[in-house]
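Peer 1: 3D model of this:
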Amino acid sequence: MTADLCILVPEAGYKEHWHTARDEYQALFGGRVDFRSWTDAGDLSGYRLVMPLIAWGYPKKPAHWFAQLDAWEAAGLPFANPISVLRWNTDKDYLLDLQEAGLAVVPTMESHCLTADDLAAARAQFGNDDLVIKPSISAGADGTYRLGLNDPIPFDVLEREMLIQPMMPSIASEGEFSLFYFGGTLSHTILKTPASGDFRVQEQFGGREVTVDAPAGAQALAKDVLATAPAAPLYARVDMVRDGGDQFRLMELEVIEPSLFLSFAGDGGAAFAKAVDDWLGR
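Peer 2: Presented below is the predicted three-dimensional model:
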């Protein structure tokens with residue numbers, strides 16, 4: 001079968017292990033899919049759909065990534081998700097867009113050159129001495145830190161462009177919900193919990209995941225978030241936590257290369273494959 005799908009993967013020599021994700025998509029799509037490096041993808045005009053599902057490493061080379069997006073857009077390539085959405089989602093300051101639109105987001109401030117004065121202003125605004133800082137372009141909790149009142153700013157992020165948020169206690173007491181949507185329809189939901197004493201829920205830091213039913217409030221927030229994106233995404237992961245008032249608040253919307261946790265889906269990813277076919281047939 002001639003491949004009609006292309007999934008973008010890391011550049012040659014990328015150090016993190018990404019082949020498990022490739023094998024998962026290979027099993028799902030079989031001979032229909034090819035894999036090309038996002039940094040040097042070549043001519044993609046022969047594919048009916050291109051998806052950057054394993055385009056790991058782009059936060060390390062944002063200028064190259066944005067240049068690639070511009071080139072792919074200029075060529076009119078069929079991308080899922082739409083390039084306008086990929087570009088918007090690359091910088092986490094999209095959270096400020098959603099916050100300004102009135103959506104329930106974990107309260108977020110942006111600093112273009114992080115200093116102690118910014119942390120003091122954030123603590124005053126949030127009414128919380130316990131903060132989380134993260135680079136505006138990052139993945140996998142890289143450069144993300146929890147800072148108490150007397151903690152210094154780590155040198156590697158000092159005077160960098162950063163987002164500042166209050167630490168959400170429910171991360172430790174309950175966990176972070178991830179809702180997965182394919183073609184706008186909820187597929188499955190997991191609850192991610194950090195290792196004891198940590199706040200990061202990623203597996204590389206000892207985080208764990210279990211399948212759960214998505215609470216109604218979580219589904220309502222996810223629907224609003226997806227509706228506010230620049231264009232409808234084919235696939236999306238919506239991460240959220242509860243605040244102290246039992247309201248769900250958005251942590252992040254992942255529409256570039258999210259881990260889709262298809263092994264937690266009851267259908268093993270069949271809904272995702274169907275959403276791809278529906279996208280092609282529309």
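
Peer 1: contacting residues for the residue nearest in space to the middle of the chain?
Peer 2: The chain has Glu254 as the residue nearest its centroid, 2.5 Å off, counting by C-alpha atoms, centre = their mean. Counting by C-beta atoms under 8 Å, 6 or more residues apart in numbering, Glu254 touches 89, 236-239. Heads up, the C-betas are built off the backbone N, CA and C, glycines and all.

Peer 1: please name the bridge partners of it.
Peer 2: Arg237 (DSSP bridges).

Peer 1: the residue lying closest to Thr211 once chain neighbours are set aside: what's it in contact with?
Peer 2: Nearest in space to Thr211, with sequence neighbours left out and distances taken as C-beta to C-beta, 6 or more residues apart in numbering, is Phe264 at 5.0 Å. By C-beta under 8 Å, 6+ apart, the contact set of Phe264 is 188, 190, 209, 211.

Peer 1: recalculate using a threshold of 6 Å.
Peer 2: Listed by C-beta atoms under 6 Å, 6 or more residues apart in numbering, the contact set of Phe264 reads 188, 190, 211.

Peer 1: neighbours of the closest residue to Val238 other than its chain neighbours, how many?
Peer 2: Of all residues not flanking Val238 in the chain, Ala222 sits nearest, at 4.2 Å (C-beta to C-beta, 6+ apart). Burial of Ala222 is recorded as 26 neighbouring residues (other C-beta atoms under 10 Å).

Peer 1: helix, strand, or coil at Ala222?
Peer 2: Secondary structure, DSSP: H, G, I helix; E, B strand; the rest coil: Ala222 is helix.

Peer 1: what pLDDT does it get?
Peer 2: With respect to pLDDT, Ala222 scores 98.

Peer 1: and Phe126, how many neighbours?
Peer 2: Using other C-beta under 10 Å, Phe126 is surrounded by 18 other residues.

Peer 1: which residues does it contact?
Peer 2: Shown in contact with Phe126 (C-beta under 6 Å, 6+ apart): 107, 166.

Peer 1: tell me the spacing between it and Gln204.
Peer 2: 28 Å (C-beta to C-beta, to the nearest Å).

Peer 1: can you list contacts of stretch 109-122?
Peer 2: Taking C-beta under 6 Å, 6+ apart as the rule, stretch 109-122 contacts 93, 131, 159-164.

Peer 1: of those, which is the most crowded?
Peer 2: Result: Met162 is most packed of these (other C-beta under 10 Å), 25 neighbours.

Peer 1: I figured it hits Val132, correct?
Peer 2: No: counting by C-beta atoms under 6 Å, Met162 stays clear of Val132, with 10.1 Å between them.
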